[in-house]
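Undergrad: here is my input; please provide its structure:
(chains A and B)
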2 protein chains.
Amino acid sequence: MPKLPKKSDFPVSQVRRYLEPGPIVLVSSKWQGATNIMTLGWHTILEFSPSLVGLMISGGNHSHRMIRESRECVINLPTTSLTDTVVGIGNTSGGEIDKFAKFNLTAEDASKVDAPLIGECHASFECRLHNDALVEKYNFFIFEVVKAHVAASPKHPETLHYTGDGVFVVSGKIISRRSLFRPEML
Amino acid sequence: MPKLPKKSDFPVSQVRRYLEPGPIVLVSSKWQGATNIMTLGWHTILEFSPSLVGLMISGGNHSHRMIRESRECVINLPTTSLTDTVVGIGNTSGGEIDKFAKFNLTAEDASKVDAPLIGECHASFECRLHNDALVEKYNFFIFEVVKAHVAASPKHPETLHYTGDGVFVVSGKIISRRSLFRPEML
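TA: Numbering: from 1, shown residues only, chains lettered A, B, ... in the order given. The predicted structure is shown next:
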């Protein structure tokens, strides 16, 4: 189990830095005194400012109702040191177990929501429900990131990207094409 | 410039295999006789069957109106051999240039939509607009993938994942945790 990375405030308008590459995330929630965590790969950035993120949270997940009722969650970014934890969380239900206890994870207080941060993750993004127009039909929640916490190191954490069938692609080498971008596109 | 990968039919219910990891994609369109291509990183899988994908296509893109009016597009998956093309497409406007010509790309006929496939890409997913409820407010389009074409090799193409600021993370090593999954979770 990794140590708890020291995280600092990060601009909410720049969370695309961590979410746009498409990593698997751990979504934590709290409702009626209980916490929960789910593994999620179906998400997209929607806007820089306000900082909007869309999450498809299937109705079959115990987290669905907790997040729908509490209108909050935290999106946490795990790295490869948490691979087996990510799989374990995705293969169990919060209706049956306490996932923080079962997976030996540290629930830290968030600053703007009641849902806990996961201390072991590289980054945590506190979210409030912004629009639920497509929740009934598609389980699609639009959240506003209201506070972001990111570890300064490593600069490029090794993230997990799910392909289905139990197989993950890990983030690899970094390539910059900054010099080819028009300034307003950066 | 890469050769044209030989693509075969692929089950539309399994396109998450290529899109869930979060790669940059090239979205091709056709409207009123003109074609266009845009670079896009803000997308998510929404459902297996029907095969639904959500795309945030900013109103500032020339493609936005073409796709909104034609109610179709093709999502194409480029690999690292197309990195400079991806950047070039993202930094130019289809209002000013013909992107297929400018970037020397091959427009191939799709089978179920009028928008062209990009021959040089590893995979192409033909899409029809499924729901536009959030287009006006969030530029968020929900498409149904109606036909998928995927190259058999390489099994794990080297894809580009954008972090902003001109920097991409490339897909790297593959890790399987298949044995840890409950069968119904695969």
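
Undergrad: now do the most centrally placed residue in chain A against B:Ala123, distance only.
TA: Central residue of chain A (C-alpha atoms, centre = their mean): A:Ile75, 2.5 Å from the mean position. To B:Ala123, A:Ile75 is 27 Å away according to C-beta to C-beta, to the nearest Å. Where you see a C-beta, it was placed from the backbone N, CA and C, and this is true even at glycine.

Undergrad: equivalent analysis for A:Ile142, please.
TA: As judged by C-beta to C-beta, A:Ile142 and B:Ala123 stand 28 Å apart.

Undergrad: more neighbours, these two?
TA: B:Ala123 (26 against 23; other C-beta atoms under 10 Å in any protein chain shown).

Undergrad: just the pLDDT for the more buried one.
TA: Here, the pLDDT recorded for B:Ala123 equals 98.

Undergrad: who does it bridge with?
TA: In this entry, B:Ala123 is beta-bridged to B:Leu77, B:Val150, by DSSP bridges.

Undergrad: next up, the contacts around A:Phe10.
TA: Counting by C-beta atoms under 8 Å, 6 or more residues apart in numbering or on different chains, A:Phe10 touches A:Ala123, A:Ala148, A:His149, A:Val150.

Undergrad: pLDDT score for the residue nearest to the centre of chain A?
TA: Predicted confidence (pLDDT) for A:Ile75: 98.

Undergrad: for the closest residue to it other than its chain neighbours, give me its contacts.
TA: Closest residue to A:Ile75 apart from its sequence neighbours, by C-beta to C-beta, 6 or more residues apart in numbering or on different chains: A:Phe125 at 4.4 Å. Listed by C-beta under 8 Å, 6+ apart, the contact set of A:Phe125 reads A:12, A:15, A:18-19, A:53, A:74-77, A:145, A:147-149.

Undergrad: so which of these is the most crowded?
TA: Within these, most neighbours by other C-beta under 10 Å means A:Val74, with 30 neighbours.

Undergrad: tell me the contacts of that residue?
TA: With C-beta under 8 Å, 6+ apart as the criterion, the residues that contact A:Val74 are A:27-29, A:110, A:113, A:115-118, A:124-127.

Undergrad: in PyMOL, select just the buried ones from these.
TA: Here is the PyMOL command that selects the buried residues among these (16 or more other C-beta atoms under 10 Å in any protein chain shown):
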select buried, chain A and resi 27+28+29+110+113+115+116+117+118+124+125+126+127
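
Undergrad: which ones among the contacts of A:Val74 map onto helices?
TA: Nothing among the contacts of A:Val74 maps onto helices, per DSSP state H.

Undergrad: and the residue in chain A that chain B sits nearest to, how many neighbours?
TA: Closest contact between chain A and chain B, by C-beta to the nearest C-beta, is at A:Gly22 (1.0 Å). Look at A:Gly22: counted by other C-beta under 10 Å, it has 30 neighbours.

Undergrad: residues in contact with it?
TA: Going by C-beta under 8 Å, 6+ apart, A:Gly22 touches A:Gly41, A:His161, B:Glu20, B:Pro21, B:Gly22, B:Pro23, B:His161.

Undergrad: also A:Lys6?
TA: Counting by C-beta under 8 Å, 6+ apart, A:Lys6 has contacts A:Ala151, A:Ala152.

Undergrad: rewinding a little: can I get the contacts of A:Phe125 in JSON lines with distance to A:Ile97 and secondary structure?
TA: Converted to JSON lines, the contacts of A:Phe125 look like this (distance: C-beta to C-beta, whole Å; DSSP: H, G, I helix; E, B strand; the rest coil):
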{"residue": "A:Val12", "distance to A:Ile97": "32", "secondary structure": "helix"}
{"residue": "A:Val15", "distance to A:Ile97": "29", "secondary structure": "coil"}
{"residue": "A:Tyr18", "distance to A:Ile97": "28", "secondary structure": "helix"}
{"residue": "A:Leu19", "distance to A:Ile97": "27", "secondary structure": "helix"}
{"residue": "A:Val53", "distance to A:Ile97": "27", "secondary structure": "strand"}
{"residue": "A:Val74", "distance to A:Ile97": "19", "secondary structure": "strand"}
{"residue": "A:Ile75", "distance to A:Ile97": "21", "secondary structure": "strand"}
{"residue": "A:Asn76", "distance to A:Ile97": "18", "secondary structure": "strand"}
{"residue": "A:Leu77", "distance to A:Ile97": "23", "secondary structure": "strand"}
{"residue": "A:Val145", "distance to A:Ile97": "28", "secondary structure": "strand"}
{"residue": "A:Lys147", "distance to A:Ile97": "28", "secondary structure": "strand"}
{"residue": "A:Ala148", "distance to A:Ile97": "29", "secondary structure": "strand"}
{"residue": "A:His149", "distance to A:Ile97": "26", "secondary structure": "strand"}
